[in-house]
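A.B. asks: how would this look folded up:
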Amino acid sequence: MFAAPKKEKISAVLKRFARRRKHRLLTDLKIQGKNGSLEIDNVYIGEFGVLVLDSFGYEGELYGGEKEPRWALYEKKLKSPIENPIIALNEKVDAIRRIFAKEGVYKVDIKAYVLFRQKASKLRINFQSPHILRIEGFRKFLSDKSFECDRSVRIEKVAEALEKAQ
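C.D. replies: Numbers count the residues shown, from 1 in each chain. Next up is the predicted model:
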């Protein structure tokens with residue numbers, strides 16, 4: 001039986017990826033949003049910019065849409081409403097941008113994704129979004145050439161700004 005990798009395993013994959021490229025990874029980052037405290041699973045920082053990644057281990061069938069405030073998760077005929085993680089992710093990106101502006105960090109591209117850790121056979125997603133990643137394609141996603149781009153992002157300055165905001 002397949003068990004979804006824990007979020008720590010996702011962080012470990014990112015950590016190895018970062019170490020090989022001399023990038024930085026911040027995990028379980030806690031920052032202040034407009035409506036309170038926000039927690040981000042992983043913030044990956046490289047010359048290309050910033051990758052914000054939150055992961056979830058749901059099982060069953062997921063219904064919703066990118067702009068709907070709540071999604072429906074069906075697990076064994078039980079329906080559970082869940083907060084839309086894409087909307088939450090966008091709030092986190094907005095908070096990061098405010099931190100960057102306060103710390104004088106500009107021109108940093110931020111990419112944000114929700115990663116579902118369950119394989120497609122265990123979690124069926126009944127809609128599409130460019131902000132959703134599946135575990136099956138995660139390593140391939142990380143090998144994308146966009147992570148090799150040098151946009152002259154000062155990695156340490158970006159990391160310091162985020163760490164200072166905790």
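
A.B. asks: all contacts plus neighbour counts: C-alpha atoms, from now on.
C.D. replies: Noted.

A.B. asks: which helix runs longest in the chain?
C.D. replies: Longest helix of the chain, by residue count under DSSP state H: helix 85-103.

A.B. asks: list the neighbouring strands of the helix or strand just after that helix plus their orientation.
C.D. replies: As assigned by DSSP states H and E, the chain's next helix or strand after helix 85-103 is strand 110-116. Note on strand 110-116: by DSSP bridges, its sheet partners are strand 49-56 (parallel), strand 132-134 (parallel).

A.B. asks: could you give the angle of the longest one to helix 85-103?
C.D. replies: It stands for strand 49-56. In terms of direction (axes from the mean of the first three to the mean of the last three CA atoms, to 10 degrees), strand 49-56 departs from helix 85-103 by 150 degrees.

A.B. asks: the longest helix of the chain: which residues count as buried?
C.D. replies: 85-86, 88-89, 91-93, 95-100, 103 (16 or more other CA atoms under 10 Å).

A.B. asks: list the contacts of the residue most central in space within the chain.
C.D. replies: The C-alpha lying nearest the average C-alpha coordinate of the chain belongs to Leu53 (CA atoms, centre = their mean; 1.2 Å). Residues near Leu53 by CA atoms under 8 Å, 6 or more residues apart in numbering: Ile40, Asp41, Asn42, Val43, Ala112, Tyr113, Val114, Leu115.

A.B. asks: and the gap between the third one and Val50?
C.D. replies: Asn42 sits 10 Å away from Val50 when distances are taken as CA to CA, to the nearest Å.

A.B. asks: now Gln166
C.D. replies: Taking CA to CA, one finds Gln166 at 17 Å from Val50.

A.B. asks: ok, now Lys67?
C.D. replies: 23 Å.

A.B. asks: between those two, which one's more packed in?
C.D. replies: Remark: of Lys67 and Val50, Val50 carries more neighbours, 24 against 10, as counted by other CA atoms under 10 Å.
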